[in-house]
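**Student:** Next one to model:
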Amino acid sequence: MGADYLELDVHMSADGRLVAIHDTTLDRTTDGQGPVKERSLDELKTLDAGSWFNEAHPEHADNAYAGAEILTLDEVIDRYGQDVRYYIETKSPKDYPELQDALVSKLEAEGLVQSGSVVIQSFSQASLKEVHDLNPDIPLVQLLWYSPGEDGQTLEEWTGVTPSPADITDADFQAIADYADGVGPNYLYDGQPVIDADFIDQAHANGLLVHVYTINEKDQMRQLLDWGVDGLFTNFPDRLKEVREE
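**Tutor:** This is a model prediction of the structure:
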């Protein structure tokens with residue numbers, strides 16, 4: 001379909017295994033409940049992690065998804081090796097104190113750092129800074145989420161990493177550039193753009209790549225490519241491939 005990376009979120013089981021699952025809790029995407037970190041790998045493996053998708057997205061439903069297991073990072077890498085590149089999201093060290101070290105060790109052991117096959121992203125500055133300290137050769141992207149604040153007008157970044165896009169300064173971008181190679185902002189909130197070409201130009205001027213999420217419509221893809229973004233997250237990489245080939 002033309003994708004450049006396989007994107008996945010990584011959590012850690014109660015017995016210290018790295019597992020690929022988006023949410024901190026099991027409730028939304030499995031038939032289990034409670035935090036991922038409170039279940040052993042054996043317990044996680046008993047859960048149905050696929051049927052929810054068929055129910056939530058009937059237009060994309062497939063019987064093959066029913067009963068799908070939560071995969072370990074080991075299983076994902078064993079299947080794809082260095083044939084693909086991995087774009088991995090980590091969570092806060094306060095939730096998983098041992099995750100960063102375990103992840104970096106795994107990526108190094110598989111040769112994925114040396115081959116340039118991995119990028120790590122996170123909303124957590126602490127997580128990215130820890131990864132940077134462990135191995136500064138791993139490309140890192142600081143995720144950003146902009147949405148209206150209490151006044152309903154001024155945009156705020158939900159973790160406080162930056163001020164609003166309208167107020168962001170070179171110093172704000174430079175603070176990120178001290179540990180990361182890029183920023184990963186949302187493009188839209190409630191259907192309205194929250195960043196513009198000036199934001200992208202300013203990030204570039206401060207030595208940062210810009211990888212925007214999640215873009216599924218071709219007109220939005222065209223707009224962002226015209227603005228000079230370095231990467232896009234999409235649920236439809238075939239659409240993006242078509243746009244790039246226009």
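**Student:** Check the residue lying farthest from the centre of the chain and give its pLDDT.
**Tutor:** Most distant from the centre of the chain: Asp151, at 28.4 Å, with distances by Cα atoms, centre = their mean. Per-residue confidence at Asp151 stands at 88 (pLDDT).
**Student:** for Lys91, same thing?
**Tutor:** 86.
**Student:** Ok, the one 4 residues further on next?
**Tutor:** Residue-level confidence at Asp95 comes out at 89, pLDDT.
**Student:** Quick check: phi and psi on it?
**Tutor:** phi -80, psi -40 (degrees, to the nearest 10).
**Student:** ok, now which ones touch it?
**Tutor:** Applying Cβ atoms under 8 Å, 6 or more residues apart in numbering, we find Asp95 in contact with Thr24, Lys37. For every residue, glycine as well, the C-beta is placed using N, CA and C.
**Student:** so how far is Pro193 from it?
**Tutor:** According to Cβ to Cβ, to the nearest Å, Asp95 stands 31 Å off from Pro193.
**Student:** Name the residues of the longest strand seen in the chain that come out as buried.
**Tutor:** Scanning the chain for the strand with the most residues, using DSSP state E, yields strand 6-12. Residues of strand 6-12 classed as buried by neighbour count (16 or more other Cβ atoms under 10 Å): Glu7, Leu8, Asp9, Val10, His11, Met12.
**Student:** Closest one to Pro185 out of those residues, please.
**Tutor:** Glu7 (15.6 Å; Cβ to Cβ).
**Student:** I'd guessed the closest one sits against Val76; true?
**Tutor:** No - using Cβ atoms under 8 Å, Glu7 makes no contact with Val76, being 11.3 Å away.
**Student:** so which strand or helix has the most centrally placed residue in the chain?
**Tutor:** By Cα atoms, centre = their mean, the chain has its centre lying nearest to Glu89, at 4.3 Å. Element membership for Glu89 (DSSP states H and E) is strand 86-90.
**Student:** Many thanks, I have nothing further to ask.
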